[in-house]
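Colleague: whatever this is, show me its structure:
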Amino acid sequence: MIRKMTEKDREIYIRMAEEFYDSDAVLHPIPHENFEKTADEALRSDAYAEIYLLEYEGETAGYGLTARTFSQEAGGQVLWIEELYIREAFRSRGLGREFFSYIEEKNRGQIARLRLEVEEENIRAISLYERLGYKVLDYRQMVKEFK
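Modeller: Numbering: from 1, shown residues only. Sure, this is the predicted structure:
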């Protein structure tokens with residue numbers, strides 16, 4: 001089952017986000033306060049960020065984080081799959097596929113593109129994304145931090 005995070009889920013979401021950022025799926029750790037800020041934003045409104053909990057047989061198995069932008073290139077809203085984390089014990093049970101199906105159905109007719117990032121070494125995730133129809137963009141991403 002997939003459902004939106006509520007205030008009572010804040011602690012489990014933050015614990016899982018910390019697990020995710022302690023894994024090989026990300027380039028580097030982030031400050032704990034960023035998890036709090038993300039939870040605050042997702043609970044405040046769904047305009048920019050939404051957090052979903054993935055459950056399996058009554059247990060919290062993972063989470064998905066999405067964010068919205070607008071793209072002239074895509075001709076409309078883009079929904080970024082910012083993070084998808086499934087705890088080790090729950091992997092290979094179809095939860096990733098279920099999450100993507102849920103997100104696509106929930107946003108049908110509202111978005112022009114789904115977009116995500118993945119570490120090149122995360123072969124398992126790349127395989128899933130390719131099976132779901134995602135293609136590699138030949139863009140180099142650049143950032144400028146304001147902290």
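Colleague: C-alpha only now, for contacts and for neighbours.
Modeller: Fine.
Colleague: pretty sure residue 42 sits in a helix.
Modeller: Yes: assessed with DSSP: H, G, I helix; E, B strand; the rest coil, residue 42 lies in a helix.
Colleague: show me what contacts it?
Modeller: 48-51 (C-alpha atoms under 8 Å, 6 or more residues apart in numbering).
Colleague: now do residue 134
Modeller: Contacts of residue 134 (C-alpha under 8 Å, 6+ apart): none.
Colleague: how about the residue nearest to the spatial centre of the chain, nearest residue that isn't a chain neighbour?
Modeller: Residue closest to the average C-alpha location in the chain (C-alpha atoms, centre = their mean): residue 83, at 2.6 Å. Closest residue in space to residue 83, ignoring its immediate chain neighbours: residue 65 at 5.0 Å, by C-alpha to C-alpha, 6 or more residues apart in numbering.
Colleague: residues of whichever strand or helix holds that neighbour that come out buried?
Modeller: Assigned by DSSP states H and E, residue 65 falls within strand 59-71. Neighbour-count burial for strand 59-71 flags 60-68 (criterion: 16 or more other C-alpha atoms under 10 Å).
Colleague: thank you, goodbye.
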